[in-house]
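Enquirer: Predicted model and sequence follow; I will ask about them next.
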Amino acid sequence: MGSEGSPAAVTTVYVTGFKKFHGVSENPTETIVNNLMEYLKKGLPKGLVIGSCNILETAGQGAVVPLYQSLQSSITSKESESPTSNRIIWLHFGVNSGATRFAIERQAVNEATFRCPDEMGWKPQKVQIVPSDGPITRIRQTTLPVEEFTKALASKGYNVMTSDDAGRFVCNYVYYHSLRFTEQNGMKSLFVHVPLFSTIDEETQMQFAASLLEVLASTC
C-alpha cells in the first residue's frame with residue numbers, strides 16, 4: 001500500500017515579462033519570455049509544467065488588468081486539478097537597465113513612485129498600490145526560499161544576488177499585486193530582475209531562466 005496510487009506532484013509555472021518602456025527600447029524580458037517555450041523543448045525539469053508565457057505592458061494599470069485575468073484563469077486551472085498534486089508559481093521577469101547581475105526579489109512595497117511616466121503616461125508619486133492594504137510602507141514578501149534559490153543559481157556559475165528592493169516602478173507595482181493575489185489564493189509569486197543583453201548576453205540569460213525553472217522544480 002502507500003503512495004502507488006497518488007498523483008505525482010506537479011509545479012505549474014506561469015511566466016511574465018514586459019514590453020519596452022522609456023529608456024529601454026528593447027526589453028530583454030520580452031525576448032526571454034517569448035522564446036522560453038522553444039528554448040525548453042529539449043526538456044522541462046521533471047515535475048514542472050509551464051502554464052503560460054505572457055508579455056505585459058510596462059504600465060501600472062496596463063499590466064495589472066491582463067495580469068489579473070491570467071491570475072484568475074490559473075485558479076480555474078488549479079480547481080480542475082487535485083489540490084494536493086498541483087502547486088502554482090507566478091514567475092515575473094523585469095529588467096533593471098543599470099544592473100550588472102541577476103536579482104531575485106524578496107519583496108514588494110505598497111508604493112508607486114514612478115521615476116518616469118509609464119507607457120500609458122501615468123507618473124504616480126507616493127501613491128498606495130492597494131489603498132485597502134494601508135500605508136505606502138506596507139511590505140509583502142514572497143514565501144519562496146529566495147536565499148536558497150540564489151545560492152543554487154550562484155553554484156551554477158551565475159552572477160546573482162538576493163534583493164530587498166524591487167524599486168517603485170512598474171516591476172514593484174506588478175509584484176505587489178501578484179504577491180497579494182497569490183497569497184489570497186494559495187499560490188506563490190517570485191520576481192526576478194535581469195540586466196540588459198549588452199551587460200549579460202541573451203544566451204546566458206536564456207540559460208539562467210532555464211536554470212531558475214530547474215531550481216523551482218527541485219526546491220518547491
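Expert: Arrived safely, thanks for sending.

Enquirer: quick one: secondary structure of the most centrally placed residue in the chain?
Expert: Central residue of the chain (C-alpha atoms, centre = their mean): H92, 1.7 Å from the mean position. Taken by DSSP: H, G, I helix; E, B strand; the rest coil, the conformation at H92 corresponds to strand.

Enquirer: That one contacts L190, doesn't it?
Expert: Yes - counting by C-beta atoms under 8 Å, L190 is a contact partner of H92 at 7.0 Å. C-betas here are computed from N, CA, C, even on glycine.

Enquirer: Tell me which residues touch the residue nearest to the centre of the chain, please.
Expert: V15, T16, G17, C171, V174, Y175, S178, S189, L190, F191, V192 (C-beta atoms under 8 Å, 6 or more residues apart in numbering).

Enquirer: Which ones among these map onto strands?
Expert: In this view, the contacts of H92 that belong to strands under DSSP state E are V15, T16, G17, S189, L190, F191, V192.

Enquirer: burial measure for the fourth one, as a count.
Expert: It stands for S189. By other C-beta atoms under 10 Å, the residues close to S189 number 27.

Enquirer: and what of the third one?
Expert: Number of residues near G17 (other C-beta under 10 Å) recorded here: 25.

Enquirer: so what pLDDT did S74 get?
Expert: For S74, the pLDDT comes out at 84.

Enquirer: ditto for G98
Expert: Looking at G98, the pLDDT reads 93.

Enquirer: what about it, how many residues close to it?
Expert: Neighbours of G98 using other C-beta under 10 Å come to 8.

Enquirer: Need the phi and psi values for it.
Expert: phi -100, psi 0 (degrees, to the nearest 10).

Enquirer: got it, and Q125?
Expert: phi -130, psi 120.

Enquirer: For it, list the residues it contacts.
Expert: Q125 is in contact with T113, F114, counting by C-beta under 8 Å, 6+ apart.

Enquirer: any idea how far it lies from P117?
Expert: Look at Q125 and P117: by C-beta to C-beta, to the nearest Å, they are 11 Å apart.

Enquirer: same question, S211
Expert: S211 is 35 Å from P117, by C-beta to C-beta.
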